[in-house]
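# Sequence and predicted structure, then a few things I'm wondering about:
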Amino acid sequence: MRIPIAALIGLIFTFAYFFVAIFAPWIAPYGMAEVVSRDVWLPPSSEFLLGTDNLGRDLLSRMIYGGRTTIFIATAATILSFTTGSILGFLAAVLGGWADQAMSRFVDLIMSIPSLIFALVVLSVMPVTVPVLIVVMGLLDSTRVYRLARAVAVDINVMDYVEAAKLRGEGRGWIIFREILPNALSPLIAEMGLRFIFMVLFVSTLSFLGLGVQPPQADWGGIVKENADGIVYGIGAALYPAVAIATLAISVNLVADWILNRTTSLKGGRG
Amino acid sequence: MSLLLKLLAQRIALGLLLLFLVSVLIFAGTIILPGDVAQQILGQSATPEALANMRRDLGLNDPPIQRYFNWLGGLLQGDLGTSLTSGKDIAESIGKRLGNTLFLAFWAAIISVPLAILLGLIAVRYRERWPDKLISAVTLASISVPEFLIAYVAIFFVSVRLRWAPSVTTINDSMSLGEKLHTISLPIAVLTLVVLAHMMRMTRAAILNVMQSAYIETAELKGLRMFTIIWKHAFPNSIAPVVNVVMLNLAYLVVGVVVIEVVFTYPGMGQFLVDHVSKRDIPVVQACGLIFAAVYIGLNMVADIVSIVANPRLRHPK
Amino acid sequence: MSDKLLKVQDLKIGATVYPPGEKPHDIEIVHGVSFKVEKGKVLGLIGESGAGKSTIGLASMAYGRGGVKITGGEVWVNGRDILKTTNSDVRALRGGEVTYVSQSAAASFNPAKKIMDQVTEAAILQGKFSKKEAERRAVELFRKLGLPDPENIGNRYPHQVSGGQLQRCMTALALCPEPDLVVFDEPTTALDVTTQIDVLMAIKEAIRDTGVAALYITHDLAVVAQVSDDILVLKMGDMVEYGSVDQIINNPQEEYTKALVSVRSIEHAEKAPTPEPVLKVQNITARYKGTNFDVLKNINVELHPGQTLAVVGESGSGKSTLARVITGLLPQSNGSVHFAGRDLSKDLAGRSKEDLRELQMIYQMADVAMNPRQTVGTIIGRPLEFYFGLRGAEKRKRIVELLDEIEMGEGFIDRYPAELSGGQKQRVCIARALAAKPKMIICDEVTSALDPLVADGILKLLLDLQKIEDVAYLFITHDLATVKAIADSIAVMYQGEVVRYGGKTDVLSPPFDDYTDLLLSSVPEMKLGWLEEVIANRKMESAGN
């Protein structure tokens, strides 16, 4: 299987990020909240590869642990969003009628409020802990996955091969798992990548606004918030998360694009 | 014509219904309150009687539905409630700030919309060649980074290193328009970039879709010049999809403005909302949340209405 | 030499292909084609899909659709090689000297502008006529082409007129600037046969009246025989045969041409009805949920074991709806369906596995009738598992038997649908239906999407299989030539009713009801001068009324 260069780079970087996130405690040179120096905002040196942050902690270690937190939350929220959205979306497409109408109208209602606003409203009354963040972000975003899964399933449902299966007398289970799902996988997997990126951006934004991961736990958005004051003095510490997030997002984007292109052609579309 | 009016009326009615339901949703979302509002206001050392009185005064003992209708009734009369933390009338506090937020959003929209259409046209004209790929790469990078980070990068290079524009953007009435614009030039620029990046991909797709239609080929086979084809055939059919895209993406403004105001400490509604979320000032959160949602719903509604009106099958029925 | 309007010399055309999983590369799709068209003459370009006929037609306007490039040769129009002239000269050529009529007028008209604007646009912009003159010409053309209300039809929008009318408007668009050559690209392929004949007549008369030259592109040899002076037969980008229409139709030299000329000439003797029908449709009336009119009205037909009932009709006749009622996808509001001695439940849910097994269906578009993620083996094997519980080696043996029956080999078991040709895909669908050992198969327009020669192959296969497996066919189609080839009995449907029903010979012999008369007389025959006869007959009829 030949993988184009762009997708290959994307895959490599994505794996690298996840690897570092999983093995953070063994990779980070110092502890997550370990104060290593009395001097704040030291420039990069051989001792502290990214310098120190606003409290004299090693910035590289904070970034590594921050990646772990951010990626963990984003992954968990994506899995929640994805499973909820897909299952409900498929059900809506296959059941049709009242069930479909009720679910879709409810999803429309939730999507009438911008996600950030809705999250802010809910977080003003809930305790801000990691599980709450995961659930709120996951459920809010499942609406988008619902719409996509439903649309894909509806498209497939009207294909003649699904009708042929119905006429054969196949049960609902066979139709969903053997006829619809295999053909719905690729657009859904590509979308999963995009949702993941959105989660990374979302949790970073919430942490930046002070409503996400709470200090001293490290998180990329939080790191920006902590080091933001340094910007006016020309200290670039707050910008490292920008590079980290951008690289991760672009890599996942490249992989998602590749998956989407690879499988539209299997339907015999292009040639 | 009557089918058109019927569809329009339906869409507007739907928009109002949505707004109503959203208000219910926002209110309900804040009622699942584990803590105690009265306690928060009076503090830890309050006596039980004082707490009971406060609860009665705030109407906390009433059933939720009644509380909702009290709130709704107040809203419709222009009373947005009272802040828990400052005790001030919310409508008064918001008034000025809403104006500021709209000012910022307005300028960002004015710049980003024509730019998005222009770049979309360029990307389609030079499809798959370097201008298109360059634009795609830049927009991809822009939407891969959260707005606050783009803002800080901008501040770092433009404000601190180059000293072209300020990073703290408090504006007041004593400034002239020019002064105001210079002060908030950086937030406008960042907001524009964010909205532009999202909008560009979709305007490109919308324009491309029109350009690949069969009737454009017919026009080419009539020997028309490219400019004539675009002006007489592509343009009239692109208005609806492009306006649609614009409206949908202006919704990103609603979200982006919140974050941008925090970064630049701009005295707008976004910053107001975020401050009061941390302080758990429910009435403020409800009011601000509702206003933001209303704007979002309004923009989506306009997008749908434009789609309906621009459809030749509806304007000239069989 | 001076009379040659269009001279194409050794034309070569290439395109970029994007095979899945590989790098895109360039291939040649037209390999050196030469022909000429003289003033006032019509050249028919005929071939199956992939022949390159549309591509060549567009190349005569120096145009390549979607990444197709002209890579070699010369195209001389009115004495100059348009492949080597300037862009502005090419633009002057298009819409001025050479114009184009596309296959789908519905997509080719700008939905946001009035018809008149678009019809006169080229004429005005090429500086040939003033606005007033162009509009006058347009109305005249509308009248000549038989459009209703020619004075005012130009004020309508494209979606406000029917498909056949729009196709004629497009012809008016092409003729308005008084061109020297018109390229007709499959102009009637997408139309019903009764509409097609009207448009064909209109085009033929317009060509004769205006004296314009034309390239007429189609895959239907019978149609092209009616309008052309010469014919060029194409196959996969190569010239097969090139000669006068008389020579090609009456004395074809090449094997391929001979096959095209003799298409649908399969002989099939009608069988007499047996005492017990395998399918009996009684008083069926049906409507779609949420509508308030009947799509099927009191349908009564029978199908006998091992025989074929052809259900013929145009779009909107209800023939496909009848299939949906019989299979249980659309419960009828009235009437009953008897199958193999028992009453079938209205609803799919109420039918037993045996009911479902004995009644199979084959679809028009084989591409979407098969799950792209399943191999041929899985597709054919599933009914064997599901109905007969076959597994493992036993199942595989039966799959190979079925593959042999459809004239494809064991090597196809692990292939995916995307790797098969159109004809092969349909064969696999046939095998899938046969795997269930049904008593009856509904064939819903199974050859309509295939090239004529491939379709012939499928029809022959179906007839052979009918003898071997003794299976009955309910054959739904709009193509009368197919009906003549394979039916034992025929039902003609029009607007939800059966207007004529009986054995093949009876149905196809006069006296006819009005609709069947119209239908039968509208089917182009492979003989010269047929269209003129029809035109003359129709004029006589309307004169006599």
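Great, that's in hand.

# count of residues packed around A:Glu163?
The tally of other residues near A:Glu163 (other Cβ atoms under 10 Å in any protein chain shown) stands at 18. Glycine gets a C-beta too; all of them are placed from N, C-alpha and C.

# how about it, secondary structure?
helix (DSSP: H, G, I helix; E, B strand; the rest coil).

# need the contact list for B:Val262.
Applying Cβ atoms under 8 Å, 6 or more residues apart in numbering or on different chains to B:Val262 gives the contacts A:208-209, B:148, B:270-271, B:274.

# which of these lies closest to C:Lys131?
B:Gly270 (55.6 Å; Cβ to Cβ).

# ok, and does the host helix or strand of that closest one reach over to chain A?
Assigned by DSSP states H and E, B:Gly270 falls within helix B:269-278. Yes - looking at helix B:269-278 against chain A by Cβ under 8 Å from any Cβ of the partner chain, the contacts come from B:273-274, B:276-278.

# Doesn't C:Thr16 belong to a helix?
No - according to three-state DSSP, C:Thr16 belongs to no helix; its state is strand.

# C:Ile29 is in contact with that one, correct?
No - contact criterion Cβ atoms under 8 Å: C:Thr16 and C:Ile29 do not qualify, at 10.4 Å.

# Which one's more surrounded, those two?
Applying other Cβ under 10 Å to C:Thr16 and C:Ile29 shows that C:Ile29 carries more neighbours, namely 19 against 12.

# before we move on, what SS does the more buried one have?
Per three-state DSSP, C:Ile29 ends up strand.

# how about it, what does it touch?
By Cβ under 8 Å, 6+ apart, C:Ile29 lies in contact with C:13-15, C:52, C:55, C:68, C:237.

# which ones are touching A:Gly234?
Contacts of A:Gly234 (Cβ under 8 Å, 6+ apart): B:156, B:160-161.

# Mind doing that once more with 6 Å?
A:Gly234 is in contact with B:Val160, counting by Cβ atoms under 6 Å, 6 or more residues apart in numbering or on different chains.

# ok, it to A:Glu170 distance?
67 Å (Cβ to Cβ, to the nearest Å).

# hang on, the earlier thing: just checking, next helix/strand downstream of the helix holding B:Gly270?
Following helix B:269-278 toward the C-terminus (DSSP H and E): helix B:282-309.

# What are the buried residues along the helix or strand hosting A:Phe196?
Assessed by DSSP H and E, A:Phe196 sits inside helix A:181-208. Using 16 or more other Cβ atoms under 10 Å in any protein chain shown as the test for burial, helix A:181-208 gives A:181, A:183-184, A:186-188, A:190-208.

# State which one residue of the stretch 151-271 of chain A is found closest to chain B.
Using Cβ to the nearest Cβ, the single residue of the stretch 151-271 of chain A nearest to chain B is A:Ala249, 3.4 Å away.

# pLDDT value on that residue, please?
We have a pLDDT of 90 for A:Ala249.

# what does B:Ala13 give?
Reported pLDDT for B:Ala13: 91.

# Let me see the contact set for C:Arg208.
For C:Arg208, no residue counts as a contact, taking Cβ under 6 Å, 6+ apart as the criterion.

# Could you state which residue of the chain sits nearest its centroid?
Going with chain A. A:Phe196 (1.7 Å; Cα atoms, centre = their mean).

# looking at chain B here, not the other one
Within chain B, and using Cα atoms, centre = their mean, the residue nearest to the centre is B:Val254, at 2.2 Å.

# ok so that one is a helix residue?
Yes - per three-state DSSP, B:Val254 lies within a helix segment.

# need the next SSE after the helix or strand C:Glu74 falls within, C-terminal direction.
Per DSSP H and E: C:Glu74 is located in strand C:69-77. Following strand C:69-77 in sequence order, the next helix or strand is strand C:80-81 (DSSP H and E).

# Buried residues in the helix or strand following that following strand, which are they?
For strand C:80-81, the succeeding helix or strand toward the C-terminus, using DSSP H and E, is helix C:87-93. Residues of helix C:87-93 classed as buried: C:90-91, C:93 (neighbour count, 16+ other Cβ under 10 Å).

# How far off centre is helix C:87-93?
In terms of Cα atoms, centre = their mean, to the nearest Å, the centre of helix C:87-93 is set 34 Å apart from its chain centre.

# just stretch C:500-511 next, same as before
Worked out by Cα atoms, centre = their mean, stretch C:500-511 lies 24 Å from the chain centre.

# now what about it, what contacts it?
Against stretch C:500-511 from outside (Cβ under 6 Å, 6+ apart): C:270, C:487, C:489-492, C:513, C:516.

# ditto for stretch C:347-361
A:167, A:169, C:328, C:331, C:345, C:387, C:433, C:436, C:438-442.

# Which strand or helix spans the residue nearest to A:Gly138 when sequence neighbours are not counted?
Nearest residue to A:Gly138, sequence neighbours excluded (Cβ to Cβ, 6 or more residues apart in numbering or on different chains): A:Leu80, at 3.1 Å. Using DSSP H and E, A:Leu80 sits within helix A:59-95.

# ok, which residues in chain C are in contact with chain B?
C:91, C:94-95, C:100, C:107-112, C:122, C:157, C:159-160 (Cβ under 6 Å from any Cβ of the partner chain).

# The one helix or strand B:Ile122 maps to: which residues count as buried?
Element membership for B:Ile122, per DSSP H and E: helix B:90-125. For helix B:90-125, the neighbour count (16+ other Cβ under 10 Å) marks B:90-91, B:93-94, B:97-98, B:100-101, B:103-105, B:107-109, B:111-113, B:115-117, B:119-121, B:123-124 as buried.

# so which of the residues you listed are also by chain A?
Okay, of the buried residues of helix B:90-125, nothing touches chain A (Cβ under 6 Å from any Cβ).

# What parts of the stretch 101-250 of chain B come near chain A?
B:144-146, B:148-149, B:152-153, B:155-156, B:160.

# Could you tell me which of the residues you listed count as buried?
B:144-146, B:148-149, B:152-153, B:155-156.

# Now render those as a markdown table, adding distance to B:Leu8 and secondary structure.
Below are those laid out as a markdown table (distance: Cβ to Cβ, whole Å; DSSP: H, G, I helix; E, B strand; the rest coil):
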| residue | distance to B:Leu8 | secondary structure |
| --- | --- | --- |
| B:Ser144 | 38 | coil |
| B:Val145 | 39 | coil |
| B:Pro146 | 38 | coil |
| B:Phe148 | 39 | helix |
| B:Leu149 | 41 | helix |
| B:Tyr152 | 44 | helix |
| B:Val153 | 44 | helix |
| B:Ile155 | 44 | helix |
| B:Phe156 | 48 | helix |
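
# Of the residues of the stretch 101-250 of chain B next to chain A, just say which sits nearest to C:Asn300.
Using Cβ to Cβ, these come closest to C:Asn300 at B:Ser144, 66.1 Å.

# Spit out the contact partners of that closest one.
A:246, A:249-250.

# Mind doing that once more with 7 Å?
Listed by Cβ atoms under 7 Å, 6 or more residues apart in numbering or on different chains, the contact set of B:Ser144 reads A:197, A:246, A:249-250, A:253.

# backbone phi and psi for whatever residue of the stretch 51-200 of chain B ends up closest to chain A, please?
Residue nearest to chain A within the stretch 51-200 of chain B (Cβ to the nearest Cβ): B:Ser144, separated by 3.4 Å. The phi/psi pair for B:Ser144 (degrees, to the nearest 10) reads phi -90, psi 0.
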